[in-house]
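S.K.: Whatever this is, show me its structure:
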Amino acid sequence: MTTTAPHTPDQVAEQLAGRILEAGLGAFELLTIGLGDRLGLYRGLAAGPATAPELAARTGVDARYVREWCEQQATAAILDVDDPAAAPDQRRYTLPMGAEAVLLDPDSPANVLPLAGFLESAGRVMPAVERAYRTGGGVPYADYGVHHAQGGFNRAAYTGRLVSEWLPAVPDLEAALRAGGSVAELGCGVGWAAIALARGFPAATVDAFDVDPASVEAARRNAAEAGVADRVRFVVADVTDPALTGDHAGVLAFEMIHDLADPVAALRTARRLTHGPVVVMDENAADEFAVPGGPLDRLFYAASVLHCLPVGRCTEPSAATGTVMRPATLRRYAAEAGFTGVVDLPIADPMFRFYRLEG
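M.R.: Modelled structure (predicted):
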């Protein structure tokens, strides 16, 4: 049973109104951050402090719009300004030390800029989401146009931690890759995990599958730019297709099982593709529902309401899992797919849980 401190109706109204106002303000500011990224304004300020006209000249953006954006960013304490009392076009704006890790470095663990892309995406598809809620239907993943934001949000973890921290918890797969083995990845998105594997294991090869053509196209470009396109094969494929077979040292399914209408079929595919371990990484959902939730619980449920559950209900019948896939649910799916064991891997991460499926 959950107990809360008593509140009068007036107190509840005041607190809830204040919370919604603060959330709305944060959403608006996040969109202005996304706009600054799209226009190259943060990149322009990384070259050094600038007045609004100077920044406009550096970036090729209209000077009056740049002035408004700079004033807003300074008001929000995202940019520093040397003299607020100066004439508008004489104020000099600076990107604070440390801000580049958040706004400009895609491989920094602090880079949460892709959240702006998720917010933009939600606005684009909201009528379709509402329709899905009323009819019990779904919203196709491609309609969200969120593949770059999704890839960007996970990129730093894959680039910085997959090879050095996560794979050592699966020593037989790590050894096989060091010896030149192959690994399959289901739901590869724009390819950052596969690319990290190819970089970290120079003798290994990766077969990566995703049903979204735009994601696969982006993954191929990313692999070419990273210089590993000769060892990573990106394929447009439905990972629930029983015709998908192979013989790999292991299979990775990162943050994708909960999005599928038929997660059991995908796990059966994983089982067919390897004689070794299947590693599933998914959101770090608690064992049981509990309220109030922490920040990550709130993030997972918001993502589920707006994206993951509608995507997972595009095909019927659907498991309708949603983002918050609890460990017991994954274990049930694994057993139905024919696995005889599920082991929690000893990888500490606030965002994700890791499972090894065997048998």
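S.K.: and this structure, what are its domains?
M.R.: The chain breaks down by automatic domain parsing into domains covering 9-103, 115-358.
S.K.: Mean neighbour count, these: which tops it?
M.R.: domain 115-358 (a mean of 19; mean count of other C-beta atoms under 10 Å). Backbone N, C-alpha and C define where each C-beta goes, glycine included.
S.K.: That one: end-to-end distance?
M.R.: 35 Å (C-alpha to C-alpha, to the nearest Å).
S.K.: circling back: want to try CSV for the domains of the chain, with distance to P109 and mean pLDDT as columns?
M.R.: Shown next, in CSV, are the domains of the chain (distance: least, C-beta to C-beta, whole Å; pLDDT from 0 to 100):
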stretch, distance to P109, mean pLDDT
domain 9-103, 8, 97
domain 115-358, 5, 97
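S.K.: Could you pull out the strands in the protein for me?
M.R.: 50-51, 80-81, 92-94, 182-186, 205-210, 232-236, 250-254, 278-283, 341-344, 352-358 (DSSP state E).
S.K.: Tell me which residues are up against the first one.
M.R.: Yep, that's strand 50-51 we're talking about. G44, R58, D89, Q90, R91, R92, Y93 (C-beta atoms under 8 Å, 6 or more residues apart in numbering).
S.K.: and which of those residues is nearest W69?
M.R.: Distance to W69 across the contacts of strand 50-51 (C-beta to C-beta) is lowest for Y93, with 9.7 Å.
S.K.: got JSON lines for the strands of the chain, with distance to P295 too?
M.R.: Below are those laid out as JSON lines (distance: least, C-beta to C-beta, whole Å):
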{"stretch": "strand 50-51", "distance to P295": "34"}
{"stretch": "strand 80-81", "distance to P295": "27"}
{"stretch": "strand 92-94", "distance to P295": "29"}
{"stretch": "strand 182-186", "distance to P295": "28"}
{"stretch": "strand 205-210", "distance to P295": "29"}
{"stretch": "strand 232-236", "distance to P295": "33"}
{"stretch": "strand 250-254", "distance to P295": "22"}
{"stretch": "strand 278-283", "distance to P295": "13"}
{"stretch": "strand 341-344", "distance to P295": "23"}
{"stretch": "strand 352-358", "distance to P295": "15"}
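S.K.: So which of those is nearest C314?
M.R.: Closest approach to C314 among the strands of the chain is made by strand 205-210 (15.1 Å; C-beta to C-beta).
S.K.: Now do that closest one: which elements does it pack against?
M.R.: strand 182-186, helix 192-200, helix 213-226, strand 232-236 (3 or more C-beta pairs under 8 Å, 6 or more residues apart in numbering; DSSP states H and E).
S.K.: ok, now with 6 Å
M.R.: With contacts taken as 3 or more C-beta pairs under 6 Å, 6 or more residues apart in numbering; DSSP states H and E, strand 205-210 sits against strand 182-186, helix 192-200, strand 232-236.
S.K.: Direction included, what does it pair against?
M.R.: According to DSSP bridges, strand 205-210 forms sheet pairs with strand 182-186 (parallel), strand 232-236 (parallel).
S.K.: what about the helices in the stretch 51-200 of the chain?
M.R.: 52-59, 63-75, 99-103, 115-135, 141-144, 147-157, 171-178, 192-200 (DSSP state H, counting those that start in this stretch).
S.K.: so what's M351 closest to, chain neighbours aside?
M.R.: Leaving aside its sequence neighbours, M351 sits nearest to N284 (C-beta to C-beta, 6 or more residues apart in numbering; 5.7 Å).
S.K.: For the nearest residue to R91 once chain neighbours are set aside, give the beta-bridge partners.
M.R.: Leaving aside its sequence neighbours, R91 sits nearest to V81 (C-beta to C-beta, 6+ apart; 5.2 Å). Applying DSSP bridges to V81 yields these beta-bridge partners: Y93.
S.K.: Report the contact partners of V81.
M.R.: A74, R91, Y93 (C-beta atoms under 6 Å, 6 or more residues apart in numbering).
S.K.: swap the cut-off to 10 Å and go again
M.R.: P49, T51, C70, E71, Q73, A74, T75, R91, R92, Y93, T94 (C-beta atoms under 10 Å, 6 or more residues apart in numbering).
S.K.: Would you point out the most distant pair within those residues?
M.R.: Most distant of those, by C-beta to C-beta, are P49 and T75, 17.5 Å apart.
S.K.: G250 and R356: what is the separation?
M.R.: G250 sits 9 Å away from R356, going by C-beta to C-beta, to the nearest Å.
S.K.: which residues are in contact with both of these two?
M.R.: V170, D172, L173, P277, V278, V279.
S.K.: Turn those residues into a markdown table, including distance to G137.
M.R.: Shown next, in a markdown table, are the shared contacts of G250 and R356 (distance: C-beta to C-beta, whole Å):
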| residue | distance to G137 |
| --- | --- |
| V170 | 38 |
| D172 | 43 |
| L173 | 39 |
| P277 | 36 |
| V278 | 31 |
| V279 | 32 |
